[in-house]
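Undergrad: Attaching a predicted model along with its sequence, questions to come.
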Amino acid sequence: MEILKVSSKSNPSKVAGAIANVFRIDGAVEIQTIGAGSLNQAIKAIAIARGRVTPQTQY
């Protein structure tokens, strides 16, 4: 399993892409943060990545 390190200056959209790619390959992702700012960016990225990984339903 790959560890993704997120800083307070990380772009959440790019981190979300990395999360989605690792999740598709490995089935799990480990994220490492230190501090409130980096945790905030990681949570934003997780929220974005959930939309990229979930199956799209057609109506």
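TA: It's in. Numbers count the residues shown, from 1 in each chain.
Undergrad: For the rest of this, base every contact and every neighbour count on C-alpha atoms.
TA: Fine.
Undergrad: Can you pull out the residues in contact with stretch 36-54?
TA: With C-alpha atoms under 8 Å, 6 or more residues apart in numbering as the contact definition, stretch 36-54 has outside contacts at 6-17, 19-20, 24, 31, 33.
Undergrad: residues touching I31, list them.
TA: Contacts were defined as C-alpha under 8 Å, 6+ apart; by that measure I31 touches 3-6, 42.
Undergrad: From the residues you listed, which land in helices?
TA: Using DSSP state H, A42 are the members of the contacts of I31 that sit in helices.
Undergrad: Quick one: the helices in this protein, in order.
TA: If you assign secondary structure with DSSP H, the helices in the chain sit at 12-26, 36-53.
Undergrad: Dump those into JSON lines; add mean neighbour count as well.
TA: JSON lines is the format used below for these (neighbours: other C-alpha atoms under 10 Å):
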{"stretch": "helix 12-26", "mean neighbour count": "17"}
{"stretch": "helix 36-53", "mean neighbour count": "17"}
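Undergrad: Serialize the ones you listed to TSV and add fields for mean pLDDT.
TA: Formatted as TSV, the entries for the helices of the chain read as follows, by pLDDT from 0 to 100:
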stretch	mean pLDDT
helix 12-26	94
helix 36-53	94
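Undergrad: which of the contacts of I31 has the most neighbours?
TA: Most neighbours among these, by other C-alpha atoms under 10 Å: A42, with 26 neighbours.
Undergrad: gap between A16 and R52?
TA: Using C-alpha to C-alpha, to the nearest Å, we find A16 at a distance of 8 Å from R52.
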